[in-house]
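S.K.: 3D, please:
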Amino acid sequence: MLKEFKEFIMTGNVIDLAVAVILAGALGLVVSGFVNNIAMPFVGHFAGGLDFADLKMVLDPAVVAADGTIEKPENAIKYGLWINSIINLITVGLVLFIIVKAYNKTKKPAPAPAPAGPSEIDLLKEIRDALKK
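M.R.: Residues are numbered from 1 along each chain as shown. A predicted model of the protein is given here:
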């Protein structure tokens with residue numbers, strides 16, 4: 001059983017999948033950093049200085065004590081974070097599309113299949129006909 005597991009783990013597909021998962025995680029961090037630190041400030045600037053992360057609909061306001069401590073936190077629907085997530089998803093999709101498109105351009109086209117010759121049956125028929133003559 002241990003030998004079978006070792007053979008399974010050492011196959012190229014499993015190792016390729018592991019590398020892909022690690023790279024996808026790293027790429028996700030890079031794209032999230034790009035979206036949060038570069039793209040969203042531009043979007044906010046063109047939206048009149050709006051930060052989507054601050055958008056929310058307060059259902060129950062926070063209860064603050066006289067000394068400034070929060071007795072009960074606010075209950076809010078934070079739809080701005082959801083908008084950020086959608087923008088992040090679209091940006092990740094666009095980046096992955098560009099990467100896959102560039103990768104596909106680097107791949108060599110598959111060689112054309114060899115021209116098909118006569119099948120074995122055709123050859124046997126020719127031999128039969130030649131023997132009859």
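
S.K.: for the rest of this, base every contact and every neighbour count on C-alpha atoms.
M.R.: OK.

S.K.: ok, residue 117 to residue 125 distance?
M.R.: For residue 117, the distance to residue 125 equals 14 Å [Cα to Cα, to the nearest Å].

S.K.: look at the two and report which has more neighbours.
M.R.: Neighbours were counted for residue 117 and for residue 125 using other Cα atoms under 10 Å; residue 125 has more, 12 against 8.

S.K.: so where's this protein uncertain?
M.R.: 12 (pLDDT under 70).

S.K.: so which residues of it form strands?
M.R.: For the chain, the strands defined by DSSP state E occupy 57-60, 63-64, 70-72, 75-77.

S.K.: what sits up against the first one?
M.R.: This points to strand 57-60. 74, 75, 76, 77, 78, 79 (Cα atoms under 8 Å, 6 or more residues apart in numbering).

S.K.: out of these, which end up buried?
M.R.: Among the contacts of strand 57-60, none scores as buried (criterion: 16 or more other Cα atoms under 10 Å).

S.K.: columns distance to residue 103 on top of these, output as TSV?
M.R.: TSV is the format used below for the contacts of strand 57-60 (distance: Cα to Cα, whole Å):
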residue	distance to residue 103
74	48
75	46
76	44
77	41
78	38
79	36
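
S.K.: count of neighbours near residue 31?
M.R.: 21.
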